[in-house]
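Undergrad: my questions are about this predicted structure, shown below with the sequence.
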Amino acid sequence: MADVAAAFQHWLGGGNVAIVPAWIGAVVLDFDPLPGCRIEISHALEVLASAGITKTPVALSPGEKHEGGAHFYLKDPGPEWDIKLPEFNIPNLDHIDIRRRNYVLLPPSTINGKEYQWYDDGQEAWALGTVGLAEVPAQWLAPAKAGSLEAFTVGANLEAAIERLAQACRPGDAEFIQQALTGDWPENQADGVDRSAAEYRLARICEEAKLTPAEASAIVEASAVHQAKFASRKDERERLVAVVEKAFSQSLPTSGRKFEVYTFAELEPYFSTPQFLIYPLLPRGEVTILDGDDGGGKSWLWQALAAGLTGSDVVPVPCDHTAPRNCKVIVITCEDDPLTTVGPRLKALGANLALISIIKPAGGKYVDGITAQDLSEAAETIKSLRPDLIVVDHLTLFASGRPDLDTRRDTHARALIDGLKALAKETGAAILLLRHIRKERGSAKDRGLNSVAFRATARSHLVVGPDPNDSTGKRRLLKQVKMNLVPALREAIAFTLDPGSNPPFSWSGLVEASADELVATEGETQAIREERTEREEAKAFLQEILADGPKLVEVVAREAERLHISKTTLKRARLELGVRAYQVKGAYPPQWVYELPHAGGAR
């Protein structure tokens with residue numbers, strides 16, 4: 001131990017002394033007491049003696065959070081064995097950590113001015129080098145699982161691995177390596193320190209330095225960043241192996257596939273233009289998201305669209321008079337009962353019921369539908385029907401078949417929607433995926449439940465909700481929030497929903513409305529109305545001041561400021577009107593002017 005202390009004095013100029021037990025063929029049982037309590041060492045010694053451990057090195061810990069703990073040093077049984085401790089009946093004991101490749105402080109190291117000490121029975125100190133290491137009781141041993149940390153690091157010489165890393169790492173990584181191995185890392189997340197990312201980066205640096213996975217595991221495990229957060233976790237072994245495997249998988253060789261390069265000129269003969277079922281709302285071969293609140297009209301809307309696409313004269317397809325009228329529609333998930341709700345509605349809307357199908361598991365109820373778990377098996381059946389429109393009502397119900405996926409996480413959401421996108425491509429159908437919206441405030445594009453990945457990957461994003469300017473409560477508006485393939489529909493499509501009337505649903509034409517209004521809370525609605533009034537006043541101002549021809553930008557801005565029209569409102573009004581801004585040719589100093597569209601002013 002004097003050699004270890006001397007090494008620290010030589011390299012660090014003093015400081016605490018730590019050791020990785022595996023370096024000396026040891027394993028440490030780290031007894032931690034409950035906060036504010038102490039473990040009586042005599043109780044711990046009695047329990048260990050009953051298991052056959054009569055004498056072994058023991059260090060008493062002053063601790064930082066666990067003052068009054070103890071480190072019991074035993075002989076490491078080897079990497080082929082895991083240690084499974086029984087329940088110990090020791091007063092004030094909180095938990096026991098098993099440390100093999102995790103560093104531990106040795107006496108006379110200090111924490112908060114208090115020293116670690118070797119236990120002394122009055123005759124001698126039970127210190128390393130003075131007392132031999134006791135064997136781990138056979139009843140505590142179990143064969144190591146394949147892939148366990150010890151098996152994963154078999155044959156790794158930590159000191160040699162660190163030396164190789166120091167010689168092979170890039171110069172820019174040296175400072176980080178030093179910090180990761182010996183730096184001060186908080187036990188709790190603080191000041192934006194991402195310890196998981198630092199641990200992974202250390203493993204990646206090991207891989208780039210051509211170390212083996214075993215060597216990288218040994219280095220990461222012994223590092224200060226690992227010790228600060230992960231050393232005492234129950235899943236430490238599995239987690240560390242996963243981190244190293246991930247780091248090394250980034251550079252694993254591929255399957256040997258060959259790759260080809262094409263210029264876009266070579267691809268030009270294969271270019272295609274977007275195809276639509278209903279222009280520009282429902283693109284074929286793509287997924288469209290429809291968001292709306294409960295009672296907002298989502299289900300009525302898809303049923304009206306399905307009716308129109310199957311030839312209904314009661315609710316013909318809106319906004320696109322070229323849309324087909326003999327389409328096949330498949331409903332794969334349905335929130336409402338097909339027999340008591342959906343079917344009667346479709347009939348009332350004049351749909352051709354022979355062209356609309358619902359798919360369900362064999363022997364199941366009609367209301368069951370299929371979920372994401374069934375999609376791959378049901379795909380062939382769906383494709384054989386050659387549908388034009390596939391309806392998923394709604395996302396949460398569809399995703400319920402995959403409890404392993406958390407639709408709030410982007411990667412899981414993309415895994416779910418990728419199956420629908422593949423189905424859309426293979427069938428050429430438009431897929432309409434319905435979602436509920438969150439109750440909290442926010443813009444229409446972000447109000448849909450679950451991950452934003454659904455909206456990001458969809459080509460068309462629609463929102464439906466009550467018309468905020470309708471006092472009857474019967475009028476709804478459909479607004480396109482996003483369209484990636486062609487210009488989005490500028491106006492909202494209005495429809496009246498009155499289940500007590502005949503027909504219960506009717507289109508009401510196009511109106512000016514924002515998507516945010518359709519999902520707004522009461523307070524948000526008032527703010528939107530005020531902003532719209534201000535914008536309308538700004539548009540009227542621009543039309544008036546530019547009626548006689550182009551005006552200098554500074555003149556318009558000065559007059560708008562006098563009328564208390566904000567710069568933001570003026571800009572939005574200018575964009576809505578299509579007001580052009582350009583520099584007058586030949587003018588010096590340079591002059592910029594505003595001009596109404598189609599005014600034809602000189603430039």
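TA: Ah, there it is.

Undergrad: quick one: the strands in the stretch 451-600 of the chain, in order.
TA: Assigned by DSSP state E, counting those that start in this stretch, the stretch 451-600 of the chain shows strands spanning 460-466, 475-483, 492-497, 505-511, 551-552, 580-583, 592-595.

Undergrad: and R438, how many neighbours?
TA: 15 (other C-beta atoms under 10 Å). For the C-beta atoms, the positions are set from N, CA and C on the backbone; glycine is no exception.

Undergrad: what about stretch 403-412, how long is it end to end?
TA: Separation of the first and last residues of stretch 403-412 by C-alpha to C-alpha, to the nearest Å is 11 Å.

Undergrad: starting at the chain centroid, how far to the helix or strand containing L290?
TA: Using DSSP states H and E, L290 falls within strand 287-291. Put simply, strand 287-291 sits 20 Å off its chain's centre (C-alpha atoms, centre = their mean, to the nearest Å).

Undergrad: what does it rub up against?
TA: Strand 287-291 has contacts (C-beta atoms under 8 Å, 6 or more residues apart in numbering) with 281-282, 298, 301-302, 417, 420-421, 424, 430-437, 444, 447-448, 454-455, 457-464, 519.

Undergrad: give me the subset of these lying in helices.
TA: Residues of the contacts of strand 287-291 located in helices (DSSP state H): 298, 301-302, 417, 420-421, 424, 454-455, 457, 519.

Undergrad: just the buried residues out of the contacts of strand 287-291, in PyMOL syntax.
TA: For the buried members of the contacts of strand 287-291, the matching PyMOL selection, counting by 16 or more other C-beta atoms under 10 Å, is:
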select buried, resi 281+282+298+301+302+417+420+421+424+430+431+432+433+434+435+436+437+444+447+448+454+455+457+458+459+460+461+462+463+464+519
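
Undergrad: sorry, back to before: quick one, which of the ones in helices among the contacts of strand 287-291 has the minimum pLDDT?
TA: For the ones in helices among the contacts of strand 287-291, the model is least confident at V519; its pLDDT is 71.

Undergrad: ok, it touching V464?
TA: No: judged on C-beta atoms under 8 Å, V519 makes no contact with V464 at a distance of 9.3 Å.

Undergrad: for these two, list the residues in contact with both.
TA: Residues touching both V519 and V464 (C-beta under 8 Å, 6+ apart): 291-292.

Undergrad: neighbouring strands of the strand holding L290 in the sheet, and parallel or not?
TA: Strand 287-291 sits in its sheet next to strand 430-435 (parallel), strand 460-466 (parallel), going by DSSP bridges.

Undergrad: could you check the angle it makes with strand 475-483?
TA: Orientation of strand 287-291 against strand 475-483 (axes from the mean of the first three to the mean of the last three C-alpha atoms, to 10 degrees) gives an angle of 140 degrees.

Undergrad: extract the CA atoms of strand 287-291 and return them as PDB.
TA: Output of strand 287-291 as PDB, limited to C-alpha atoms (Å, rounded to 0.1, in the frame of the first residue of the first chain):
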ATOM      1  CA  VAL A 287     -50.200   9.300 -44.400                       C
ATOM      2  CA  THR A 288     -52.400  12.300 -43.500                       C
ATOM      3  CA  ILE A 289     -52.900  13.300 -39.800                       C
ATOM      4  CA  LEU A 290     -56.300  14.600 -38.700                       C
ATOM      5  CA  ASP A 291     -56.300  16.200 -35.200                       C
END
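
Undergrad: lovely, talk soon.
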